[in-house]
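J.: Got a predicted structure plus its sequence, pasted below:
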Amino acid sequence: MSAGHERRWRRAQALTLGLLVVWLLTTIVVVVFARPLSTVSVWGWPLHYYFASQGATLVYLAIVGIYAWVMQRLEASDHQPSEHER
């Protein structure tokens, strides 16, 4: 495995780990703060409902979008010839 390929593999692993941490924290925060936020209501619905149904879902979609965008850039840089190959 070349040094460039190894570097990109490490970056992909770091990205995956970072996004998994964001996913885990999002899931935990919604559950932990559900009870205190249940006293606040927006248009008749408790605030924790909006965080769980809308906010967390948007974060999950952002995680998927960020992963796809960054991995596409990493793969594109993998297919470009390096300065040594030119």
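T.: Perfect, thanks for sending it. Numbering: from 1, shown residues only.

J.: so who does the residue most central in space within the chain touch?
T.: Centroid check for the chain by C-alpha atoms, centre = their mean gives I63 as the closest residue, at 2.8 Å. Listed by C-beta atoms under 8 Å, 6 or more residues apart in numbering, the contact partners of I63 are 19, 22-23. Just so you know, the C-beta spots here come from the backbone N, C-alpha and C atoms, and that holds for glycine as well.

J.: Put the buried members of the residues you listed into a ChimeraX selection.
T.: Per 16 or more other C-beta atoms under 10 Å, the buried members of the contacts of I63 correspond to this ChimeraX selection:
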select :19
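
J.: mind listing which of the contacts of I63 are in helices?
T.: 19, 22-23 (DSSP state H).

J.: Which strand or helix spans the residue nearest to the centre of the chain?
T.: Element membership for I63 (DSSP states H and E) is helix 56-79.

J.: CA-only coordinates of that helix in PDB, if you can.
T.: Extracted in PDB, the C-alpha atoms of helix 56-79 (Å, rounded to 0.1, in the frame of the first residue of the first chain):
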ATOM      1  CA  ALA A  56     -32.000  14.600  15.400                       C
ATOM      2  CA  THR A  57     -33.200  13.500  11.900                       C
ATOM      3  CA  LEU A  58     -31.600  16.600  10.400                       C
ATOM      4  CA  VAL A  59     -28.300  15.800  12.200                       C
ATOM      5  CA  TYR A  60     -28.400  12.300  10.900                       C
ATOM      6  CA  LEU A  61     -29.000  13.500   7.300                       C
ATOM      7  CA  ALA A  62     -26.200  15.900   7.700                       C
ATOM      8  CA  ILE A  63     -23.900  13.100   8.800                       C
ATOM      9  CA  VAL A  64     -24.700  11.100   5.700                       C
ATOM     10  CA  GLY A  65     -24.200  14.100   3.500                       C
ATOM     11  CA  ILE A  66     -20.900  15.100   5.000                       C
ATOM     12  CA  TYR A  67     -19.600  11.500   4.800                       C
ATOM     13  CA  ALA A  68     -20.600  11.200   1.100                       C
ATOM     14  CA  TRP A  69     -19.100  14.600   0.200                       C
ATOM     15  CA  VAL A  70     -15.800  14.000   2.000                       C
ATOM     16  CA  MET A  71     -15.400  10.400   0.800                       C
ATOM     17  CA  GLN A  72     -16.100  11.500  -2.800                       C
ATOM     18  CA  ARG A  73     -13.300  14.100  -2.500                       C
ATOM     19  CA  LEU A  74     -11.000  11.500  -1.000                       C
ATOM     20  CA  GLU A  75     -11.700   9.000  -3.800                       C
ATOM     21  CA  ALA A  76     -11.300  11.700  -6.400                       C
ATOM     22  CA  SER A  77      -7.900  12.700  -5.000                       C
ATOM     23  CA  ASP A  78      -7.000   9.000  -5.000                       C
ATOM     24  CA  HIS A  79      -7.500   8.800  -8.800                       C
END
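
J.: If anything else comes up later, I'll come back, but that's it for now.
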